[in-house]
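[1] Sequence first, predicted model second:
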Amino acid sequence: MSILVDESTTFIIQGITGREAVNMTRECLDYGSQVVGGVTPGRGGRDVYGVPVCDTVKEAVANAGRVDGSVITVPPAFVRDAAFEAIENGIRIIVIVTERVPRYEMAQVLELARLRGTRVIGPNCLGVISPGKSKMGGIGGPAANTRQAYRAGHIGVMSRSGGMTTEISNSLTAAGFGQSTAVSIGGDPLIGSTYAELMPLFEADAETHAIVIYSEPGGPMDAQLAQWVKENNSRLPIIAFMAGRFMDKMPGMRFGHAGTIVEGKQDTAAEKIRRLQDAGISVAEEISHIPELVRQRLAIGD
Amino acid sequence: MRFYEFEAKRLLAKQRVPLPKGGTAKTAAEAKRLAADLGGPVVLKSQVLSGGRMKAGGVKFADTPEEAEAAAAVILTLPIRDQLPVCVSVEAKAAVQKEYYLGVTFDAVAKLPVMIVSDMGGIDIEEVAETHPQHVAKGHFSTLIPFTDFRAKEVVASLGLKGGELTAVTGVLTRLVRTFLAYDLTLAEINPLGQLDDGSFAVLDCHLDMEEEARDRHQDVLVELGIGPDETRQGRPPTEFEIRGAQVDAVDHRGVAGRVVEFDGNLGLVIGAGGGSLTIFDAVQKYGGRPANYCEIGGNPSVKKACELTKLILSKPGVDKIAVIMNVVSNTRVDIVARGVIKGVVESGFDPAEKISIFRIPGAWEADGFKILEKYGVEYCDRSVSMSEAARRAVEKVGMP
């Protein structure tokens, strides 16, 4: 099994005619994903690698019959409208790839998504992959590269960095651990699905045996995960990697992602590591130590 | 993007938030004149972008214009966290009988904006929340339903405020929310809001942060405040090197190659992407290396961008070698980065085999990339070598101090 996407998932791409979106469409199709339509206003009637382009989501949904998801890759100023359009047309899972979406507009998107029961992944993310089944977004890159880095298996991966989702999955794959689903959750301060919000999905997936997360300074997401773990007696061992330890000495400076900034004590890598460990989560010193920690934690569980 | 206190007060004034009388001075003589005009005791505050000004000696009180002049002279030459103030504020000092904290920000767990109010103002709100949670009230508000005043009133009332205090604090909080919404702020704090001896209220100190991504939409107000596009307004002012890095990133819209942060080491870093850069920087320091810079590349930048970034880093005095390291890349092409970096090294007049300590970027188009690196005799490695091991090799080559 897997979470969020599988071989039956159908999705559209909003902004499909953009340069990077065209590449992404090709990569998803090559990987076996069911890309059933695309939307770019004013470009209706064309196609991208055989995927029909429509002017509206409504039309794309009518054409395809059933659309489960949408990948949104439009410029920041248009993201709110694109997401509202997907939500109001009944789409259940939205992956927002775009970076630099203003926070208030993202809050609006997430509020409407909650009202309508739509799951949002991102923004500022590379998407979701259930290896061997489907990928929704640019995660892993071209299909051949994706197959090299990701293998089907039993580890759930969640990461605030898109690139590090692949780096960590690749190190797991090389050590013989495949992934059930890997989620690039996004690097922004406000994201649709946090670690703690995805945990119940992994918990309910019998094929997932352990979780690996990648995190960074800034934001309350790690504290939220630690609290979830304490309150829910999870069956899943969690292994975390914390990058950006050097930032603890540089408050007020933003590094990498928009959400990666130390503003208070709770934002520091040191404090986050303390909270995670306090909840029984193993914190790896190096990426290359992750597979061994997974092996140890799974052995204890047996 | 952080506003100086005096700028933040100008934004609050537009929403008719009550402020103390006063102004700003760039010289001690101006401060003296301001104090004389105010005609009573004044408070002088260093205008820097960091907190902790009181502790650092950046806040002083004066009873006479002469004392104000002397205090301003000290403040204007006192660096706080390596920053000299842009000016000193001079404001009428009034006797305060009670201090409140009012804040508006985003709650990343609830994913909504949140109002926070405390009747224990003047100190760090995180500390109050930990030690006196009953003195902190919070209330979220919708981003879809228009904000109206009762939301603020409910939060203030839940603290136990009654009568004139309830209506006055509610009025200030409502205006703070309006300021937050009007300028795409990510944080709007008044701390403290003082209740003066005559019963009136005034903002004694405040802190406003504007969303970086929203700066373009608020050009009119930024121009009015005299804030230029080069002012990054992070924890410290940008260095010349960092401004040039931003210019490299702006040469075209293809991908990212820039966002440099200057450090004083001998190992130049051409690293990416967002998370990868953090991981690599940690690894370099862990192995005793001294980075010359932090940077980010990603999103498939052009050859030109990678080349210009490399040249910028190599132009920095004291840089002996560079390390080119990224996580397994998805959408960035290895061959394009390899080409750009080698071009940058050659155009800077160096031998790539000698100047590039290691090249570790596995992923899309790696075979083509590795072919180019081989041709120039550059040491490279594939995904079988971890980012951390690549960093260790680079540190070993450049030599530790």
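    Thanks, I have the structure now. It should be emphasised that the depicted structure is a prediction, and the values quoted were computed from it without experimental measurement.

[2] Pull up the residues of the stretch 51-200 of chain A that are close to chain B.
    A:76, A:100-104, A:107-108, A:110-112, A:114-115, A:126, A:138-142, A:145-146, A:149, A:159-164, A:166-167, A:170-171, A:174, A:187, A:189-191, A:194 (Cβ under 8 Å from any Cβ of the partner chain). All C-beta spots, glycine's among them, are computed from the backbone N, C-alpha and C.

[3] Report the residue spans of the stretch 301-401 of chain B with pLDDT below the cut-off.
    Low-confidence segments of the stretch 301-401 of chain B, defined by pLDDT under 70: B:400-401.

[4] correct me, but A:Val262 touches A:Gly219?
    No - in this structure A:Val262 lies outside contact range of A:Gly219 using Cβ atoms under 8 Å: 10.4 Å.

[5] ok, back up a step: point out the ones among the residues of the stretch 51-200 of chain A next to chain B that are inside strands.
    A:Ser159 (DSSP state E).

[6] Now that we have the residues of the stretch 51-200 of chain A next to chain B, which of them are buried?
    Using 16 or more other Cβ atoms under 10 Å in any protein chain shown as the burial test, these include A:76, A:100-104, A:107-108, A:110-112, A:126, A:138-142, A:145-146, A:149, A:159-164, A:166-167, A:170-171, A:174, A:187, A:189-191, A:194 as buried.

[7] Out of these, name the ones that lie in helices.
    Among those, the ones falling in helices (DSSP state H) are A:103-104, A:107-108, A:110-112, A:145-146, A:149, A:162-164, A:166-167, A:170-171, A:174.

[8] before we move on, back to that, comparing A:Val262 and A:Gly219, which residue is more hemmed in?
    Remark: of A:Val262 and A:Gly219, A:Gly219 carries more neighbours, 26 against 23, as counted by other Cβ atoms under 10 Å in any protein chain shown.

[9] so what's that one up against?
    Residues near A:Gly219 by Cβ atoms under 8 Å, 6 or more residues apart in numbering or on different chains: A:Pro189, A:Gly259, A:Asp267, B:Ala108.

[10] ok, now B:Val43?
    Residues in contact with B:Val43 (Cβ under 8 Å, 6+ apart) are B:Val59, B:Lys60, B:Phe61, B:Ala62, B:Val90, B:Glu91, B:Lys93.

[11] And for the fifth one, the neighbour number?
    Counted by other Cβ under 10 Å, the residues lying close to B:Val90 total 28.

[12] cool, and the third one?
    Using other Cβ under 10 Å, the number of residues around B:Phe61 comes to 12.

[13] same check, this time on the second one
    A count of nearby residues for B:Lys60, using other Cβ under 10 Å, gives 20.

[14] Quick check: chain neighbours aside, which residue is closest to the closest residue to chain B within the stretch 151-300 of chain A?
    Residue nearest to chain B within the stretch 151-300 of chain A: A:Ser161 (2.4 Å; Cβ to the nearest Cβ). Nearest residue to A:Ser161 in three dimensions, chain neighbours excluded: B:Gly275, at 2.4 Å (Cβ to Cβ, 6 or more residues apart in numbering or on different chains).

[15] Grab the most central residue of the chain for me.
    Reading this off chain A. In chain A, the residue lying closest to the centroid (Cα atoms, centre = their mean) is A:Ser184, at 2.7 Å.

[16] my bad, chain B
    B:Gln234 (2.4 Å).

[17] Show the contacting residues for that one.
    For B:Gln234, the contacting residues are A:Gly252, A:Met253, A:Arg254, B:Arg2, by Cβ under 8 Å, 6+ apart.

[18] at 6 Å what do you get?
    By Cβ atoms under 6 Å, 6 or more residues apart in numbering or on different chains, the contact set of B:Gln234 is A:Gly252, A:Met253.

[19] for A:Ile94, same thing?
    So A:Ile94 contacts A:Ser70, A:Ala83, A:Ala86, A:Val120 (Cβ under 6 Å, 6+ apart).

[20] Closest one of these to chain B?
    The closest of the contacts of A:Ile94, once distances to chain B are taken by Cβ to the nearest Cβ, is A:Val120, at 9.6 Å.

[21] got a list of what the closest residue to A:Ile191 other than its chain neighbours touches?
    Distances taken as Cβ to Cβ, 6+ apart put A:Ile185 closest to A:Ile191, at 5.7 Å, once the chain neighbours are dropped. By Cβ under 6 Å, 6+ apart, the contact list for A:Ile185 reads A:Met158, A:Ile191, A:Ser193.

[22] pLDDT added to those, as CSV?
    Output for these, formatted as CSV (pLDDT from 0 to 100):
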residue, pLDDT
A:Met158, 98
A:Ile191, 97
A:Ser193, 98
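
[23] so which of the residues you listed comes closest to B:Thr143?
    Of all the contacts of A:Ile185, B:Thr143 sits closest to A:Ile191, with 15.3 Å by Cβ to Cβ.

[24] Check the gap between that closest one and B:Phe180 for me.
    Distance, A:Ile191 to B:Phe180, by Cβ to Cβ, to the nearest Å: 21 Å.
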